[in-house]
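K.L.:
Pasting the sequence and the predicted coordinates here, then a few questions.
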Amino acid sequence: MRKEKEKKNNIKDTDLLIITGLSGAGKTEALNYFEDAGFYCIDNLPAILLLNLIEFFSKSDGRIRQIAVAIDLRSGYFFEEIYQTMDELKKRGIRYSILFLEASKSAIIKRYSLTRRKHPLVEYGDIGLGIEQEIERMQKLRDMADFVIDTTLFNAKELRISLTERMMSDAEKSRLLQISVTSFGYKYGLPENVDLVMDVRFLPNPFYDEDLKKLDGTSKEVIEYVLLRDETKKFLRMFEKMLDFLLPNYIAEGKSYLGIGIGCTGGKHRSVVLAERITDYLKLKGYSVKIIHKDIEKET
């Protein structure tokens, strides 16, 4: 997520994200997103207090390792301190990233029309003029930003998806959603705590092959029997594509756990092979996944 700095970090294991941008562009929603992701979040922080804040959290014995702060023109006169503060961050070798959110003038005007909040540069009068003044004053900070996201066409959910895709590393994504993949046999009942259940009993059953009957889905022979089928290949392509769509949306909705069940008749052959294959796919995507073979040891 962050841009590497050349200098050594003096405050170890502390990452700082500065969220800024135009008023009405979605900074509050972004701050809520990072709070869900495990960041310690503070809104409308005067930039002059940022160094003191980092020093304070550096004494937390590693319990607070990621900090997100929203700094913008709401702080009035104190906003201009942000440039001097960032110079000091660089001198101290403190890692940080800047996220700048913006939106079109018409989109911001529409959003303000739906709320009683006032634009920070407009007490009375033309909000359009206030937006133009804000754009001009924020241009330098925009040019310094590591990430610039235009939220004109985004709702809250779409903004969260964009933040996940553009800013989160694989390791950080894995902390947002914990996944378990469970193989099981329908004859023994559904496993607990599963959200998605896929019935793979449509595939040819190795149980009816005398050479494979006593083996299970971890053996090379059964794996080849299942995976070499055209219908298996087509199913995996379609299911993986569905997961690619679902998982970012689950994360955007704040879901922290997902249970996937893969079921066949006895839970020993087909479901085991496919559960292993799906687990490998999700791990390659950077997700944190554990696999459970619920019924593999049972007699079929």
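P.N.:
Yes, it's here. Residues are numbered from 1 along each chain as shown.
K.L.:
mind listing the helices in the protein by residue range?
P.N.:
27-36, 50-57, 81-92, 105-113, 127-144, 156-167, 170-176, 220-227, 230-252, 270-284 (DSSP state H).
K.L.:
Dump those into CSV; add mean neighbour count and mean pLDDT as well.
P.N.:
C-beta here means a position set from N, CA and C on the backbone, and glycine is covered the same way. Below are the helices of the chain laid out as CSV (neighbours: other C-beta atoms under 10 Å; pLDDT from 0 to 100):
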stretch, mean neighbour count, mean pLDDT
helix 27-36, 20, 91
helix 50-57, 15, 85
helix 81-92, 15, 90
helix 105-113, 15, 92
helix 127-144, 15, 93
helix 156-167, 18, 86
helix 170-176, 17, 69
helix 220-227, 17, 95
helix 230-252, 15, 93
helix 270-284, 22, 95
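K.L.:
Present these as JSON lines; the columns should include distance to residue 197.
P.N.:
Output for the helices of the chain, formatted as JSON lines (distance: least, C-beta to C-beta, whole Å):
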{"stretch": "helix 27-36", "distance to residue 197": "26"}
{"stretch": "helix 50-57", "distance to residue 197": "43"}
{"stretch": "helix 81-92", "distance to residue 197": "49"}
{"stretch": "helix 105-113", "distance to residue 197": "40"}
{"stretch": "helix 127-144", "distance to residue 197": "47"}
{"stretch": "helix 156-167", "distance to residue 197": "25"}
{"stretch": "helix 170-176", "distance to residue 197": "23"}
{"stretch": "helix 220-227", "distance to residue 197": "18"}
{"stretch": "helix 230-252", "distance to residue 197": "12"}
{"stretch": "helix 270-284", "distance to residue 197": "11"}
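K.L.:
how distant is stretch 68-87 from the center of its chain?
P.N.:
26 Å (C-alpha atoms, centre = their mean, to the nearest Å).
K.L.:
Next: stretch 104-111.
P.N.:
From the chain centre to the centre of stretch 104-111 is a distance of 27 Å (C-alpha atoms, centre = their mean).
K.L.:
Kindly report the same for stretch 180-189.
P.N.:
The answer for stretch 180-189 is 28 Å, by C-alpha atoms, centre = their mean.
K.L.:
need the contact list for the spatially most central residue of the chain.
P.N.:
In the chain, the centroid-proximal residue (C-alpha atoms, centre = their mean) is residue 164; its distance is 3.9 Å. Counting by C-beta atoms under 8 Å, 6 or more residues apart in numbering, residue 164 makes contact with 173, 176, 248, 251-252.
K.L.:
Residue 119 too?
P.N.:
23-24, 112, 127, 130-131, 134.
K.L.:
so how far is residue 159 from it?
P.N.:
Per C-beta to C-beta, to the nearest Å, residue 119 is found 20 Å from residue 159.
K.L.:
Next: residue 64.
P.N.:
Remark: distance between residue 64 and residue 159 (C-beta to C-beta) = 25 Å.
K.L.:
just residue 272 next, same as before
P.N.:
Distance, residue 272 to residue 159, using C-beta to C-beta: 39 Å.
K.L.:
got it, and residue 135?
P.N.:
Distance, residue 135 to residue 159, by C-beta to C-beta: 20 Å.
K.L.:
same thing with residue 148?
P.N.:
Distance, residue 148 to residue 159, using C-beta to C-beta: 13 Å.
K.L.:
Provide the partner residues of residue 17 in its beta bridges.
P.N.:
residue 68, residue 97 (DSSP bridges).
K.L.:
is it true that it touches residue 71?
P.N.:
No: using C-beta atoms under 8 Å, residue 17 makes no contact with residue 71, being 10.7 Å away.
K.L.:
which of the residues in stretch 282-300 are buried?
P.N.:
Within stretch 282-300, the residues that count as buried by 16 or more other C-beta atoms under 10 Å are 282, 285, 287-289, 291, 293-296, 300.
K.L.:
correction: stretch 185-202
P.N.:
185-186, 191, 194, 198, 200.
K.L.:
residues near the nearest residue to residue 146 once chain neighbours are set aside, how many?
P.N.:
Spatially, and ignoring its direct neighbours in sequence, residue 146 is nearest to residue 97 (4.5 Å; C-beta to C-beta, 6 or more residues apart in numbering). Residues lying near residue 97 (other C-beta atoms under 10 Å) number 17.
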